[in-house]
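Enquirer: any chance you could fold what I've pasted below:
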Amino acid sequence: MRHANVVILTDDSEFARLLTACWQAERQAPNIAVLNSDSWHEPNAPAHDLVVVGPVREGKITSVLQSLEPATVVLLCIPADSQEFGQLRAQYPRLLHIPLREDWAQTLLLVAGESLRRAKALQIARQAERNAAKNENHATLGRYMLEMRHSVNNALTSVLGNAELLLLEPGQLSAQSLAQIKTMHSMALRINEVMQRFSSLASEMQEAENASQAETEETAASSPRRL
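Expert: Reported below is the predicted structural model:
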C-alpha cells in the first residue's frame, strides 16, 4: 500500500484531515490527494488506485460516481440514513459503503487496504493474461516457422544452386547482371545461416524441454508414496 495512490473526495475538511492523519500514522501510508466536489474532474484527477468519497454537498454524490470509471475502486463514507444512499445502493451494487459512526476511520482503513490488495491482484492477473496471449501468438508464429522450415530451405537451395550455375559462366553476363547475381547469392547464404540457427535453436529448446520433463518424472518416481 506504500506506493498506492488515494484520492479523498469530500467537502468536509474535518473528514479529510482526520482520515489523512489516520493513514499517515500507519507504517505504510499511501500517497494521498484531497479534493472537493467543485475541483473534481475525473479526466484531470490525480492518479488514483482508490477513491474515498466522504460527505459532499447534497446532490453531488451521484454526479461524482457517474464520472468515475467502472473499474475504479470506490469507498463511500456517508451516514447510512442518507436519502441518497438507498438509490445509490440500487444503482451501484458493487459500491463499498462505510457508515459514518464512531469507528468509521479504522474500518475504512481496513477495507481500503483489502480493496487495494485486491485491485493489485486483479491488475497482476490481467497483465499475466496479456502476457500469456502475447506468448501464445509468438508460439503460433514459432510453430508456423518450424512447419515452413523445410519449404524455405528447399527454396534457398534452388536459389543458391541457380546463382552458382550462373556464376560458373561469368563471360555470358554483363557486369551489372554479374553484380546482381553475386548479391542474390550472398543474401541467400545469409538467409540460409539464419534458418540454420533457427533449426539449431529449435533443437536446443526441444532438448531442454525433454530434460525438464525427464527430471520431473524422475522426481515424481523417487518421491515416497503415501499408503
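Enquirer: in the chain, what spans have low per-residue confidence?
Expert: Within the chain, the set of residues satisfying pLDDT under 70 comprises 1-2, 42-43, 80-86, 89-90, 93-94, 202, 209, 212, 217-227.
Enquirer: if you set the cut-off to 50 instead, what comes out?
Expert: Along the chain, the parts satisfying pLDDT under 50 run over 226-227.
Enquirer: quick check: longest helix of it.
Expert: Counting by DSSP state H, the longest helix found in the chain is helix 104-167.
Enquirer: who are the packing partners of it?
Expert: On a contact count with 3 or more C-beta pairs under 8 Å, 6 or more residues apart in numbering; DSSP states H and E, helix 104-167 meets helix 13-24, strand 50-53, strand 73-76, helix 175-222. All C-beta spots, glycine's among them, are computed from the backbone N, C-alpha and C.
Enquirer: burial count for the residue lying closest to residue 72 once chain neighbours are set aside?
Expert: Of all residues beyond its chain neighbours, the one nearest residue 72 is residue 51 (5.9 Å), with distances taken as C-beta to C-beta, 6 or more residues apart in numbering. For residue 51, the count of nearby residues is 24 (other C-beta atoms under 10 Å).
Enquirer: quickly list the domain ranges of this structure.
Expert: Taking automatic domain parsing as the criterion, the chain consists of the domains 5-101, 136-204.
Enquirer: contacting residues around the nearest residue to residue 40 once chain neighbours are set aside?
Expert: In space, and not counting its chain neighbours, residue 40 is closest to residue 9: 5.6 Å by C-beta to C-beta, 6+ apart. Residue 9 sits next to 35, 36, 37, 40, 51, 52, 53, 54, 56, 64 when contact means C-beta atoms under 8 Å, 6 or more residues apart in numbering.
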